[in-house]
Structures are given as C-alpha cells and as structure tokens.
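> Got a predicted structure plus its sequence, pasted below:
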Amino acid sequence: MQLNDKRRALSAATLTLLGGAPAAGHASVLDGNGNWDIDTAVLVYSESDSRVQLVEPVIKGTLNLGGERYLTTKLVLDTLTGASPNGATPASHPQTFTGPSGGSNYTVAAFETPLDDTFKDTRVQGSVDYLFPTSPNGKLGFGLNASSEYDFLSVGANARYAHDFFQHNTTLSAGVSFESDQIDPVGGAPVALSIMPPNAGDGEQEEDDQEGRERSSSESKTVTDLIVGWTQVISPRSLMQVNYSLSVASGYQTDPYKLLSVVGSDGEPLRYIYEGRPDSRNKQALYGRYKRLMFDRDVFDISYRFMTDDWGIDSHTVDLTYRWYFSQNHYLEPHLRWYNQTAADFYHVALYDGQETQVDYASADPRLSELDGMTLGLKVGSAWRNSGNWSARLELYQQQYQDTGIPPEAAQGLSKFDLQPDLTAVMLTLGYRFKW
Amino acid sequence: MKPRPISVDAASGGVHVGRFDAMASPCEVLIAGAPADRIEALVTAAADEVWRIERHWSRYLDDNVVHRINTANGQPVEVDAETARFLDYAAQLHTLSDGLFDVTSGVLRRIWRFDGSDRIPTQAQIDAVLPLVGWHRVRWQNPVLQMPAGMEIDFGGIGKEYAVDRALQTVRAHTDAAVLVNCGGDLAASGPRPDGTPWRVGVQIAGAESPPVLALDHGGLASSGDAHRYLLKDGIRYPHVLDPRSGRPVVGAPRTVTVRAASCTEAGVLSTLALLHGADAQDYLKQNDAVAWIWW
C-alpha cells in the first residue's frame, strides 16, 4: 500500500523511537622628535531617568621616534553605574526580577519599564600601536589592544598598510584586525530563550546547578575586520575619503543579562525568557567623508555611513561639524549627528505565549530596535601652536524608538504600556592636550 | 521493591502463555515453538522490560524522570537517552497531528474527572488550566527539557504501546519462536504461529455481546476507546478523550477504534488520533491509510 506523507513520517518516527549538535587609533604628530604628545580627556555621559551614568577618563600618549615612526599607547577607564532596561515589558502589577548572581532581587513598579539597577561595571582598556614607513610612499602599522571588565576579557591585534600615489594626493589603504573575546557572565550564560527560573535567588542555586548544566560559565567570540580605503586630495582646500569595511563576528553575541517577556493577549507577562542572538554576524559598511577648508579659516566636515548586517539591521549615519575660528586661536564647533537604523530580524518587544519556541533567536534589547537618534553638540577649544590646548564639548542625545517587534496577538494588551520610552542623554567631554 | 509474580501455563497447539500485571492491565506473553524449559525465562524478560518502563515513566512514582520533569517548577531537566527519544517522538507527533497529540494534556485531568458523574468543569476552569497545556510551550532541546511551572508530562497515551513493542523486541532477542505480547488489548506479534496461521485476537468492545476477533501475524494492534470512562450530563456523553487545544472532550467519537500497524506504538498513535478526530475518525484513518476497525 502506498502510504501518504504524514503516515510515512509517523512510521519513520516510530521506527526511530523503537530503534533506537577596535583597533587602536593613532595620532599623527607632525612635529617633535623624541617628544610625547599627550592627549587627556574625561567624558561624562548621563542618561535621563537615572539610567546609565558613565565616567570615562582617557589618556593617550604618542611618542615621536623620528623618521616618521610613532609609538602610541592609550589607556581608557570606564566606570558605569545606573540602571539599564532588562528587556522585559512593563506590567500592570509590580514585577520582581532576580539579578544574575541570584542573590539580588529588584522590584519594578506597575507600568514602569523594568530597569536592572544592579548594573555596575568598570572597564580598563589599553592599546599599543606602532606605525612606521616601509618606503617613501608606504606606511605599515601594527597594534595590540586589550580590554577587561569583571565578566569580559578582550584581546586584539591589527595590521594595516597605506600607500600613497600621485605625490601623496591619493592614498589607498587596507587593514585587518582580529579580536578575541571571552565572556564570563555572572551566574553563567543562560541557554538562549530558556525560561528564567522563578525564584532563582532562593538560595537553591547550588541545587539548580546540578540539574542545570544549562549554564556554561564561559563563552567566547571572535571578530575579524577587513577595511579598504581610498583618500583623495581633491584640491588644496578639500579632500574626500571612502572606506569599505567588512566585519565577521562569530561566537557568543547574546547579552546574558537581558530578558524578554512572554505575554498573553492581555499584554501581561506570563514568564520571562533569556534572550538569544545568532552566533554569527556579518556587517558591511560604506563610509564617505568630505572635508573642506572654508574662508581659509574654518573647517567643514561631513560624513555619511551606511551599514548593513545579516541580522537585518541597516543603518544610516550623517555627521556634520563646522569648526568656526572666532579668534586666531579659539574655535567653536557645532555638531549635528543623525542616526537611523532598522530593527534586527529577531527583535521583539515581547513574545506572545508560545512564540518563544517558534523562534530561533529573540532579543528585546532596544539597541536592536528600529530607532532614530539625533545628537546636537557644541565644542569650544583653543588652538595654540606650541603649548597645551584645551577643549570642552557638550552634547545632547535624543533617541526615539519606532513601534516594531510587537506581537500582533498582544498588541492591544500591550498598548497600555509605554514599551519603548524615548531616551535622552547628556555628554560632557573635557580635554587637554600637551607636549611633554 | 518486592518481586511481582508471573505465571506460565501450557495452552493448546504447543503454545505457552505467561501472565503478569503491569500498567494497570493484565499482560500476557504467548510463545509458540520454544522449548518448555525456556518459557519462564522468556516471559520474565518480557515482564521485566514492561515493568522497567512502567517504573521509568509512571506518573505515580516519585523517583523517576517523569516526576523530576513534573516537579521541576520551571527549571530545566536533563533526561536520559530513552526518555529523550520518546520526547523527540512526542514532538514529531505533535507536529504531525497539528497539536492534537500532546503529552502535556494530562493536566486537563485536574478538571475533567471521568468518573461517570455529571461534574462538567466551567469554561472559566478550563481557561485557567489551558495555559498549562501545549507542547508548543515546552522548550525541548535534547537532552534538556524545560517547561513553564505547572505544566506536566504524561506518557500514558502511548507508554503502554511502547512497552509492548519493547517487550517483544526483548523476547525476540532471545528466541526465534513466534511471540505475541498483549497488555490490556494493545499487542505486538513477531510472526505467525508455527503452523502458519495468524494469532487470533479478541477486542474488548463495551456493550458488545461477543468480542470481535481479529487476525494478526506480525506487527502491532492497538485499541482506543471510552468504554469505561466518561461523564454524562443532560443526556450528552462526554468521553475521556480531551482535545488539548480546546481543553474540552471530543464529542461524537467512536466507542472504540482498533488499528493494525507495523508496531503497537504506531497503531496506538493512530487509534488515539482517530478518536481525537471525533466524528471524523473514519476520514482520518482513511487519509492515513490505516488498517482499522471502528465501532460506533
């Protein structure tokens, strides 16, 4: 007898049953030999509603070794405090979450965006870079960098080569960098899309771990970047630059502390699951920049960047600055930056009951949402030739999310919540640069 | 655990019968053409296998994998290889049956008690339990199973049929004789009797004066029906067959469906699903090219 497909599938299944897996930048110092050019800055970043607060001192020293050879070292210290969204949606009742270490619970009031206020981090980042000429027209650079946080360690290396043509009017460059990250999430890396166990903080963690070899203590990721660039002097007063870059990231790219709410049709959370992102991400970006000297005094700088990746995110960035020398040695520089991105394919504000087993990946990280960002800034600074120069920059950042990733079955229920409140941040950067 | 009894008798035509109780059913092993002094060992092997599976998957014991799963309270549980194979199977059946076959539907028994009474749960009671039913809510990544707290798994639907197939396999590993294993009407045979004639099997039908007799030479035979368990209210008979998607009994289903297939397990799945198709049971069996007998 000719069996139909479903019956054949059943028979086969039964038989199986019974029978038995940043590259470090470099500063170009035009003058001085055996001198250090020291660049210091401190950035203070503050999000509204007592969200993320960041203080970031930076010190960079470039040693001119003569013969156009430069050694650059850089040290950055980041201190983050404040609260960041844990990915869950608001609810009509207070929600209690367990921190990743299991010991710390935090409760979020009804209708509030769940923020994890146990969020604190300190990051140390260092890099060394060496740039030297290989010929009158060729320059080769090598860099090493490392970054460490309490749950994250990254080491990287890069190499790049630039060659000048046509009396240095044209420069073609190519670079490659490789980064290896190790992530050791607090409490282990949860299985992607698994249900956050209720009451994980009840002191039964050890017992849980017996059962739950679901958490791996350490994850890793590698990122390989290729970049090719073309810089062209157009006239004595203008130049343009075009870069194409390809970035291939492979490994753990999930945020182990981020959740998604699984909601019923009333929009209320039934349970929470850990987010999960693909193990690979390929990005391509095209960058174009035009820079022009205006009135033999000011500098106009405009750039555009298009990025597309295989997570479904396409982004456009337009960046515009105008440096106005209002006196011989002082400038004022307004800054406008506009950013837009589409949402990642697996971005969901929340998942509808049962949807979590139908999807391969999901994240409620607002950074993967469709969003528009606008930065307005003003910088003031000095430009002395032979002494230290200071600068101060104040910027305002406003981010607006578009309504994407809302499960249609729960759209009405979720409509009573402010799912993606807009974000406002203020950035202040103070810098001082001097020779030593 | 105290040893459970088996008995062995000689029947006519060189056939020996071993009997034991398992899975709330009388079980028998018929062996034709094996030396008399080996019968007891063969029956014991079959019984041990059925008892092993019963212990392994019974939801009435508190020291087995099903108990660990059902009391995990939302935590992931790693399961053994055999349970993993069974869960893979359950997942495939869920897909193949568009959600009708669901090993998580046992929770519905909390509100549907098929004791012949007229206690029909309210829609509110059903709605309260339904979020705890549905394989699609289960995270199954072999070998780790994670269910939302409150959900349960029950292998009762095909566990007995599987045990029958396994018991037959066990006996066949020890003898070339013709063997038939029968637990409460779900049975599997290794081949015809030595004289070439098929086994003759009586099917229990509620209300039938004489049980119909079916022939089986090899493969499996399984029956599903609501012979004893039902609710009766306002003249409507609510059989114990529950649709996991609606949380309500399937009305209009045949009294008994018997299916013959390559194995007892496959026959059991087909007969169970036929019943779940209610009044469309016949069409379902026809669409699946099943050799079946239906008693309305």
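Looks like it arrived, so ask away.
> Need the three-state assignment for A:L286.
strand (DSSP: H, G, I helix; E, B strand; the rest coil).
> Look up the closest residue to it, ignoring the ones flanking it.
Spatially, and ignoring its direct neighbours in sequence, A:L286 is nearest to A:F306 (4.9 Å; CB to CB, 6 or more residues apart in numbering or on different chains). To be clear about C-beta, it is placed using only N, CA and C from the backbone, and glycine gets the same treatment.
> that's a strand at that neighbour, yeah?
Yes. Under three-state DSSP, A:F306 sits within a strand.
> What's the local residue count around it?
13 (other CB atoms under 10 Å in any protein chain shown).
> wait, what's in contact with it?
A:A285, A:L286, A:Y287, A:D314, A:S315, A:H316 (CB atoms under 8 Å, 6 or more residues apart in numbering or on different chains).
> and the next element down the chain from the longest helix that chain B contains?
Longest helix of chain B, by residue count under DSSP state H: helix B:39-57. Later in the chain than helix B:39-57, the nearest helix or strand by DSSP states H and E is helix B:65-70.
> So what touches that next one?
Helix B:65-70 has contacts (CB under 8 Å, 6+ apart) with B:56-59, B:61, B:77, B:79-80, B:83, B:145, B:147, B:152-155.
> Make a ChimeraX selection of whichever of those turn out to be buried.
Per 16 or more other CB atoms under 10 Å in any protein chain shown, the buried members of the contacts of helix B:65-70 correspond to this ChimeraX selection:
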select /B:56,57,58,59,77,79,83,145,147,152,153,154,155
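> from the contacts of helix B:65-70, which are also near chain A?
Among those, the ones lying near chain A by CB under 8 Å from any CB of the partner chain are B:V77.
> Mind picking the one among the contacts of helix B:65-70 that's closest to chain A?
B:V77 (6.1 Å; CB to the nearest CB).
> What's the separation between the closest one and B:H56?
B:V77 is 14 Å from B:H56, where distance means CB to CB, to the nearest Å.
> Next: A:G413.
The separation that A:G413 has from B:H56, given CB to CB, amounts to 42 Å.
> again with A:G312
From A:G312 to B:H56 the distance is 45 Å (CB to CB).
> ranges for the helices of chain B?
Going by DSSP H, chain B shows helices at B:39-57, B:65-70, B:81-96, B:123-129, B:156-172, B:264-276, B:281-287.
> before we move on, what about chain A?
Using DSSP H, helices in chain A cover A:5-19, A:205-211, A:411-414.
> Lowest average pLDDT across these?
Lowest mean pLDDT within the helices of chain A: helix A:205-211, at a mean of 42.
> that older thread, export the helices of chain A as JSON lines, with columns for mean neighbour count.
Converted to JSON lines, those look like this (neighbours: other CB atoms under 10 Å in any protein chain shown):
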{"stretch": "helix A:5-19", "mean neighbour count": "17"}
{"stretch": "helix A:205-211", "mean neighbour count": "13"}
{"stretch": "helix A:411-414", "mean neighbour count": "17"}
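> Residues of the stretch 251-400 of chain A that sit close to chain B?
A:G264, A:L270, A:R271, A:D353, A:G354, A:E356, A:T357, A:Q358.
> Redo those residues as TSV? Include neighbour count and pLDDT.
Output for these, formatted as TSV (neighbours: other CB atoms under 10 Å in any protein chain shown; pLDDT from 0 to 100):
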residue	neighbour count	pLDDT
A:G264	14	93
A:L270	18	93
A:R271	20	93
A:D353	19	93
A:G354	17	90
A:E356	25	89
A:T357	18	89
A:Q358	10	90
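> quick check, nearest of the residues you listed to chain B?
A:G354 (4.5 Å).
> is it true that the closest one touches B:R137?
Yes. Look at A:G354 against B:R137 with CB atoms under 8 Å: they come within range, at 5.3 Å.
> mind checking how far A:E395 is from B:L96?
For A:E395, the distance to B:L96 - CB to CB - is 58 Å.
> do A:G264 as well
27 Å.
> And for stretch A:368-380, what's in contact with it?
Contacts of stretch A:368-380 (CB under 8 Å, 6+ apart): A:311, A:313, A:330-344, A:346-347, A:349, A:391-402, A:404-405, A:420, A:427, A:429.
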